[in-house]
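> Have a look; sequence and predicted model below, questions after that.
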Amino acid sequence: MKILILAIFINLLYLSSGSVIASGDGVYLDKVDIEITDKASLQRGAKIFVNYCLSCHQASYMRYNRMGKDIGLTDRQVIENLMFASNKIGDTMTIAMRGKDAKKWFGMTPPDLSVISRARGTDWLYTYLRTFYLDESKIMGTNNATFKNVGMPHVLWKQQGYLKKEDKTNDLISATKGIITEHEYDIMIKDLTNFLAYLGEPSKIQRLSLAKWVLLYLVLFFLVAFSMKKSFWKDVS
């Protein structure tokens, strides 16, 4: 019992420390509920990723054929719709841009996004991708309320439109409208965040599908073990 209480206490400390790290810079993070077993969402997220992220950021720990299988696509569908930087289905999701060129253009090499969701957290990613705002003092013309002075431009400005800081409160308000509504943009970013969460831990899909069978096995084992225990101990007073 003491060991169980200690384990629970350690887990609580771990979870609370994670919350401190996530909000340690004083930035409020919007909550996003993702579900990596939602293959429709993952497919939409993959489409957004390869069209808007994969030109600068790579996901070198993931192979196209593995991704396609996990999110419910055939190799042909992946080749025809999601492969723009390679022509081999077994290739990893890398980019053609050289590191030294990226550093020259952006000030640093854009990070590999394979495990960005595990490093930053899904709430952080969801908030970050929705909080770019106009800032004339920056070369790119934009800044980010979640990641101050980030070197990344607002690549989804056509979809979201531009935000600006309100003079008195510093709240982000609309400066120009995008081609989709605010609600549609939030769903778009949720799908992208969901896909990034999948990239960070692709085996979780298999673990979740296996979990129900493990639980069923444990229930059946308990019933058998309990019956055996009653049988073995029935003559013991």
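Yes, it's here.
> How far does stretch 153-162 sit from its chain's centre?
Here the centre of stretch 153-162 is set off from its chain's centre by 19 Å, with C-alpha atoms, centre = their mean, to the nearest Å.
> Correct me if wrong: Tyr198 contacts Leu42.
Yes. Between Tyr198 and Leu42 there is a contact under C-beta atoms under 8 Å: 5.7 Å. C-beta coordinates here come from the backbone N, C-alpha and C atoms, glycine included.
> what's the overlap in contacts for the two?
With contacts taken as C-beta atoms under 8 Å, 6 or more residues apart in numbering, the residues that reach both Tyr198 and Leu42 are Ile36, Asp70, Ile71.
> so how far is Ser137 from His183?
Note on His183: its distance to Ser137, by C-beta to C-beta, to the nearest Å, is 31 Å.
> Go through the shared contacts of Tyr198 and Leu42 and flag which are in strands.
Taking DSSP state E, every one of the shared contacts of Tyr198 and Leu42 sits outside strands.
> Using CSV, lay out the residues you listed together with distance to Pro111 and pLDDT.
Output for the shared contacts of Tyr198 and Leu42, formatted as CSV (distance: C-beta to C-beta, whole Å; pLDDT from 0 to 100):
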residue, distance to Pro111, pLDDT
Ile36, 21, 92
Asp70, 22, 94
Ile71, 22, 95
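> and which of those residues is nearest Thr122?
Ile36 (9.9 Å; C-beta to C-beta).
> so who does that closest one touch?
Counting by C-beta under 8 Å, 6+ apart, Ile36 has contacts Leu42, Asn194, Ala197, Tyr198, Glu201, Lys204, Ile205, Leu208.
> just Lys190 next, same as before
Contacts of Lys190 by C-beta under 8 Å, 6+ apart are Val32, Ile34, Ser41, Tyr126.
> what helix or strand is it on?
helix 182-200 (DSSP states H and E).
> One more: Ser60?
If you go by DSSP H and E, Ser60 is part of strand 59-63.
> orientation of that strand relative to helix 182-200 in degrees?
Angle, strand 59-63 to helix 182-200, by axes from the mean of the first three to the mean of the last three C-alpha atoms, to 10 degrees: 70 degrees.
> Counting by contacts, list what strand 59-63 packs against.
The contact analysis (3 or more C-beta pairs under 8 Å, 6 or more residues apart in numbering; DSSP states H and E) places strand 59-63 against strand 92-93, helix 182-200.
> mind listing the strands for this structure?
Using DSSP E, strands in the chain cover 59-63, 92-93, 132-134, 142-144, 163-165, 172-174.
> Which residues outside the shortest one are in contact with it?
If I follow you right, that is strand 92-93. Val50, Leu54, Gln58, Ala59, Ser60, Tyr61, Met62, Arg63, Tyr64, Met67, Ala85.
> Whichever of these end up buried, select them in ChimeraX.
Buried subset of the contacts of strand 92-93, written as a ChimeraX selection, criterion 16 or more other C-beta atoms under 10 Å:
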select :50,54,58,59,62,63,64,67,85
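> Would you format the contacts of strand 92-93 as JSON lines with distance to Lys104 and pLDDT included?
Formatted as JSON lines, these follow (distance: C-beta to C-beta, whole Å; pLDDT from 0 to 100):
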{"residue": "Val50", "distance to Lys104": "24", "pLDDT": "96"}
{"residue": "Leu54", "distance to Lys104": "20", "pLDDT": "93"}
{"residue": "Gln58", "distance to Lys104": "18", "pLDDT": "93"}
{"residue": "Ala59", "distance to Lys104": "23", "pLDDT": "95"}
{"residue": "Ser60", "distance to Lys104": "21", "pLDDT": "94"}
{"residue": "Tyr61", "distance to Lys104": "26", "pLDDT": "94"}
{"residue": "Met62", "distance to Lys104": "27", "pLDDT": "96"}
{"residue": "Arg63", "distance to Lys104": "29", "pLDDT": "96"}
{"residue": "Tyr64", "distance to Lys104": "29", "pLDDT": "96"}
{"residue": "Met67", "distance to Lys104": "30", "pLDDT": "95"}
{"residue": "Ala85", "distance to Lys104": "20", "pLDDT": "77"}
